[in-house]
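> Predicted coordinates and the sequence they were generated for:
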Amino acid sequence: MRLLGEGPSLCWPHALAVVRRDLLGAAHRHFDDAWRGEVRELVPGDAAMRELCRLYEA
């Protein structure tokens, strides 16, 4: 949680956190500023898989 709260870095430009639906609001409040508004909610499926692959391509 501490590292996620620090936001992106050169070594870790992206992160993936699994959050229960009832805690999404709290996660946004806690992480949005550190991640410069780039916190996104992904629902399991093909679109989410494509987004994750795009983010983690070398």
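Looks like it came in fine. None of the values given here were measured: they were computed from a predicted structure.
> Could I get the full set of strands for this protein?
Counting by DSSP state E, the chain forms no strands at all.
> what about it, any weak spots by pLDDT?
For the chain, the stretches with pLDDT under 70 are 58.
> Scan it for its longest helix.
helix 46-55 (DSSP state H).
> Would you mark the buried spots in it?
Buried residues in helix 46-55, counted by 16 or more other C-beta atoms under 10 Å: none are found. (Glycine included, C-beta is placed from N, CA and C.)
> How about residue 32, nearest residue that isn't a chain neighbour?
residue 39 (5.2 Å; C-beta to C-beta, 6 or more residues apart in numbering).
> likewise residue 36?
residue 7 (7.0 Å).
> How about residue 4?
residue 15 (5.7 Å).
> how deep is that neighbour tucked in, by neighbour count?
16 (other C-beta atoms under 10 Å).
> Could you do the one 4 residues further on as well?
Residue 19 has 15 neighbours, counted by other C-beta under 10 Å.
> Which residue ranges of this structure form helices?
In chain order, the chain shows helices spanning 2-6, 24-31, 46-55, with DSSP H as the criterion.
> Packing partners of the shortest one?
Here helix 2-6 touches helix 24-31, going by 3 or more C-beta pairs under 8 Å, 6 or more residues apart in numbering; DSSP states H and E.
> now residue 13: how far from residue 26?
24 Å (C-beta to C-beta, to the nearest Å).
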